[in-house]
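> Here's a sequence, model it:
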Amino acid sequence: MTDRDETPTADLDVTVRQAKPDDEDAVVAFTADTWSDRDASDYIPRVFSEWVETDGPTQRTFVLDVEDDAGGDQDVAGICQGVLLSDHEAWAQGMRVNPDYRGMGISRLLTDAIFEWARDRGATVIRNMVFSWNVAGLGQSRAAGFDPCTEFRYARPDPDADAEPALSVGADAAGAWTFWGQSEIRTHLCGLAMDDSESWALSELTPEKLQTAAAEDRLFTVHDRGVRGFTYRDRTFERENEDGETEEWALYAVGAWDTSKAAASLFAAVARDAATVGVDNVRVMIPEGVEWISDVAAARVPVAAEPDFVMAADLTDPALVPEDGRL
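Numbering: from 1, shown residues only. Modelled structure (predicted):
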């Protein structure tokens, strides 16, 4: 992405508008090979139609409409979606620019639209997530006004009905909240956990989320003269594997602990719970850092090969408002 003060190419008429079903073919065409140089596929072709169908008061999918002044040809030059996660938090996702229009300074129009949409709905912060290897995406986010926020990985314990935590495990929501408030992991993660409604999004952990998880037998607190760690099962979901077979997954919103012994007990509790709910695979969001990753490794729990980065933009910052106050 170019700097925010650059202007789009003069001979292009660029408009930001809400996406519609008729845009699907064009969007799929330029997102099908987003990461052709890696063993990874873009999710946009799979979710675009659902995004458009579910747009509403708390979600908006935008596209860049381009018309060539010379020939009058129209094309879709980019896509991005904004989601309101709480009364003050928004999430930006799926920002892609058609390769035919990269380097023209038009992608900032998408972020301006997302920022304005979120700000109008009361959001004071908007975040996004970028794969750590996606250097272009990181640069694009910084140029758009996002600043570094935090980084995390997924721990991948195997479901195990026979797992036995060395420390006692309970469901103390108040104790978990007190532990969270004093935790270095909370500071590193900026108070964030996986969101309970939007896939692949992070939002602020609240005492209400812990209380709900405890009431639904999804909260696990590790005790050793007080709470020494906790996690909670956020959701289960289905996903196709590389062979086209459907597998059940469980996502645990955040893992927090303060000793390696607590970490081992925490992941044993997760393994046992995952077996109880009958899933095939597990993800636990954990902070990125040598101490925490080595704690997980010492517990003999696999960890994702690479971290993910979270960026955040302060929507109260006047610098993020276009000079004329409009798109």
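> in the chain, which ranges drop under the pLDDT threshold?
Along the chain, the parts satisfying pLDDT under 70 run over 1-11, 34-41, 68-73, 323-327.
> any idea how far E24 is from T61?
To T61, E24 is 11 Å away according to CB to CB, to the nearest Å. For glycine as for every other residue, the C-beta is placed from the backbone atoms N, C-alpha and C.
> Compare these two (neighbour count), which wins?
Counting neighbours by other CB atoms under 10 Å for E24 and for T61 shows that T61 has the greater number, 24 against 16.
> Is the more buried one in a helix, a strand, or coil?
strand (DSSP: H, G, I helix; E, B strand; the rest coil).
> what is it paired to in the beta sheet?
Q81 (DSSP bridges).
> you'd agree it is up against E50?
No. Using CB atoms under 8 Å, T61 makes no contact with E50, being 9.9 Å away.
> which residues do E24 and T61 both contact?
F48, V52 (CB atoms under 8 Å, 6 or more residues apart in numbering).
> how does this structure divide into domains?
Here the domain parsing of the chain from automatic domain parsing is 12-151+311-320, 157-303.
> Any idea which residue is closest to the centre of this structure?
A201 (3.0 Å; CA atoms, centre = their mean).
> Show the contacting residues for D172.
Contacts of D172 by CB under 8 Å, 6+ apart are A214, L219, T221, H223, V227.
> Narrow those to those in helices?
Per DSSP state H, helices hold the following members of these: A214.
> okay if I get the contacts of D172 as a markdown table plus distance to D243 and neighbour count?
A markdown table is the format used below for these (distance: CB to CB, whole Å; neighbours: other CB atoms under 10 Å):
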| residue | distance to D243 | neighbour count |
| --- | --- | --- |
| A214 | 37 | 20 |
| L219 | 34 | 22 |
| T221 | 37 | 26 |
| H223 | 41 | 18 |
| V227 | 41 | 22 |
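> Now for the contacts of D172: which two are most distant?
A214 and H223 (13.9 Å; CB to CB).
> Return the distance of Q74 relative to D22.
Distance of Q74 to D22, given as CB to CB: 11 Å.
> higher neighbour count, the two?
Neighbour totals were compared for Q74 and D22, and Q74 leads with 13 against 9 (other CB under 10 Å).
> Can you report how many residues neighbour the closest residue to L85 other than its chain neighbours?
Closest residue in space to L85, ignoring its immediate chain neighbours: S203 at 4.4 Å, by CB to CB, 6 or more residues apart in numbering. Neighbours of S203 under the rule other CB under 10 Å: 24.
> How about A193?
25.
> For the strand or helix carrying it, name the packing helices and strands.
Element membership of A193, judged by DSSP states H and E, is strand 192-194. With contacts taken as 3 or more CB pairs under 8 Å, 6 or more residues apart in numbering; DSSP states H and E, strand 192-194 sits against strand 202-204.
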